[in-house]
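Colleague: sequence? don't have it. structure:
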């Protein structure tokens with residue numbers, strides 16, 4: 001019987017992006033777009049700078065409270081952060097998905 005390799009055993013291009021990576025990427029991108037330092041955002045969010053760094057790098061699965069605090073420090077609501085991460089998920093999913101091909105080499109027959 002054929003088995004499918006677990007996600008961790010698949011090559012990186014075949015894996016779905018992790019939510020923590022997507023959220024971390026959005027937080028970092030927003031912070032850098034505002035030309036703010038990690039220290040500044042962490043202080044305003046009242047979370048430690050090393051922890052925020054880990055969240056941005058997708059190394060920590062942050063709680064909704066931490067995500068909301070980081071988002072608010074960047075002038076975003078939690079919904080804004082999640083919406084941006086969702087859009088990034090869609091973009092990455094489309095980029096990694098093969099282009100759909102018509103069956104039979106594009107030949108379509110109608111009856």
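Modeller: Cool, got the structure. Since the structure is predicted, the reported quantities are computational estimates derived from the model, not experimental observations.
Colleague: packing partners of the helix or strand harbouring residue 86?
Modeller: Per DSSP states H and E: residue 86 is located in helix 78-96. With contacts taken as 3 or more Cβ pairs under 8 Å, 6 or more residues apart in numbering; DSSP states H and E, helix 78-96 sits against helix 19-33, helix 64-73. (Each C-beta comes from the backbone N, C-alpha and C, glycine too.)
Colleague: buried residues in it?
Modeller: Neighbour-count burial for helix 78-96, counted by 16 or more other Cβ atoms under 10 Å, picks out 81-82, 84-85, 88-89.
Colleague: quick one: average confidence on that helix?
Modeller: The average pLDDT within helix 78-96 is 90.
Colleague: so how far is that helix from its chain's centroid?
Modeller: From the chain centre to the centre of helix 78-96 is a distance of 6 Å (Cα atoms, centre = their mean, to the nearest Å).
Colleague: just give me the residue right at the centre of the protein.
Modeller: residue 22 (1.1 Å; Cα atoms, centre = their mean).
Colleague: hmm, back to that, for the helices and strands packed on helix 78-96, which one sits closest to residue 48?
Modeller: helix 64-73 (10.1 Å; Cβ to Cβ).
Colleague: for the closest one, packing partners?
Modeller: helix 19-33, helix 38-45, helix 49-56, helix 78-96.
Colleague: do that again at 7 Å, thanks
Modeller: helix 38-45, helix 49-56, helix 78-96 (3 or more Cβ pairs under 7 Å, 6 or more residues apart in numbering; DSSP states H and E).
Colleague: okay, now the unreliable bits of this structure?
Modeller: 1-14, 97-111 (pLDDT under 70).
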